[in-house]
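> My questions are about this predicted structure, shown below with the sequence.
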Amino acid sequence: MKTLAFILGGLVFLSSVGCQSEAPTQQAVEAPMALPDTPKATTSALPPKASTPPAAAADTSFLASWQQFHQALRQQDTVALQALVDPAAGLWILQQPGALPLLSRVSRVTAFRREYQQLPLLSIARQLVDCPAPASVTQFPQFDCGAQGEGRSGFAQEGCFAGPGAAFQTLDMWPYATLRGGTAAQGKAAQQRVLRTVLQTNTGFRFHFGRGADGRWRLLYLDLRVPCSA
């Protein structure tokens, strides 16, 4: 009986051990496998879709237009100079060949001849100082005929200046000016569009610019009168 009890006890022990050893295995099989975290899809900033470059805007810089004029004179480039002329208003050129001023409306710069020795318009380059960047002023230097002579221009300051065109807008030359190629109404309309003026004191020449209908700066008036010459 003892032997039988011993054998039965051993079987119970082995059965218990077997159950305990199988339990972790069963749990390992049944437990879901821990998978590595899947990286979340990130919305990366894609490079922007290439777009067609915008059309170059019309140059609206007064300084750039002055420099175009300045370079056209230096290089004797009539094509570049013509590009600054407003097709509708034309270019108005003011001279003083005698007691009265002469005002000419010019459509093609190559067709114009100065009263002085019938020289072409680009001949004024010989009289001008190099001035790619005029000094900006709010008021032009005062002029005195008595201060002319001995190398002095008569202006209180010497140089090349860019300033407002308001004074030219109020210049009343129409009652006594001789007109060529245009009417007083056309000339007055162009005169009122003048916004910026460049003065070179060594000659007294003034160059008047305003905006065209397309927003571009245009050369509207050239005042080639020499102060106190009449």
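Here it is on my side, so go on.

> mind listing the strands in the chain by residue range?
91-95, 102-106, 135-136, 160-164, 178-180, 194-200, 206-211, 217-223 (DSSP state E).

> Most tightly packed of those?
strand 217-223 (a mean of 24; mean count of other CB atoms under 10 Å). Heads up, the C-betas are built off the backbone N, CA and C, glycines and all.

> That one pairs with which strands?
As defined by DSSP bridges, the strand partners of strand 217-223 come to strand 91-95 (parallel), strand 206-211 (antiparallel).

> Need the contact partners of the longest one.
Under the criterion CB atoms under 8 Å, 6 or more residues apart in numbering, residues 60, 62, 65-66, 69, 165, 168, 190, 193-200, 217-223 lie in contact with strand 206-211.

> just for this protein, where's the confidence low?
Applying pLDDT under 70 to the chain picks out residues 1-60, 229-230.

> Apply 80 and report the result again.
For the chain, the stretches flagged by pLDDT under 80 are 1-60, 213, 229-230.

> Pick out the residue nearest the middle of it.
residue 61 (4.6 Å; CA atoms, centre = their mean).

> give me every residue that touches that residue.
By CB under 8 Å, 6+ apart, the neighbours of residue 61 are residue 217.

> rewinding a little: same list (the strands paired with strand 217-223) but as TSV, adding distance to residue 177.
Converted to TSV, the strands paired with strand 217-223 look like this (distance: least, CB to CB, whole Å):
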stretch	distance to residue 177
strand 91-95	8
strand 206-211	15
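
> Chain neighbours aside, what residue packs nearest to residue 171?
Ranked by CB to CB, 6 or more residues apart in numbering and with sequence neighbours excluded, the top spatial neighbour of residue 171 is residue 191, at 7.4 Å.

> any idea how far residue 136 is from the one you found?
22 Å (CB to CB, to the nearest Å).

> same check, this time on residue 209
14 Å.

> Check residue 205 too.
From residue 205 to residue 136 the distance is 18 Å (CB to CB).

> How about residue 214?
Counting by CB to CB, the gap from residue 214 to residue 136 is 25 Å.

> can you give me the helices for this structure?
Ranges of helices in the chain, per DSSP state H, are 2-30, 62-75, 78-82, 166-169, 184-191.

> how about the CA coordinates for the second one, as CSV?
Think helix 62-75. Extracted in CSV, the C-alpha atoms of helix 62-75 (Å, rounded to 0.1, in the frame of the first residue of the first chain):
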residue,chain,number,x,y,z
PHE,A,62,13.0,107.3,-62.4
LEU,A,63,16.7,106.8,-61.7
ALA,A,64,16.9,103.9,-64.1
SER,A,65,15.2,106.0,-66.8
TRP,A,66,17.6,108.9,-66.2
GLN,A,67,20.5,106.5,-66.5
GLN,A,68,19.1,105.1,-69.7
PHE,A,69,19.0,108.6,-71.1
HIS,A,70,22.5,109.4,-69.7
GLN,A,71,23.9,106.2,-71.3
ALA,A,72,22.1,106.9,-74.6
LEU,A,73,23.8,110.2,-74.8
ARG,A,74,27.3,108.8,-74.0
GLN,A,75,26.9,106.0,-76.5
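
> Next, the buried residues of it.
By neighbour count on 16 or more other CB atoms under 10 Å, the buried set for helix 62-75 is 62, 65, 66, 68, 69, 70, 72, 73.

> need the contact list for the first one.
Looking back up the chat, that one is residue 62. Residue 62 makes contacts with 162, 195, 196, 209, 217, as judged by CB under 8 Å, 6+ apart.
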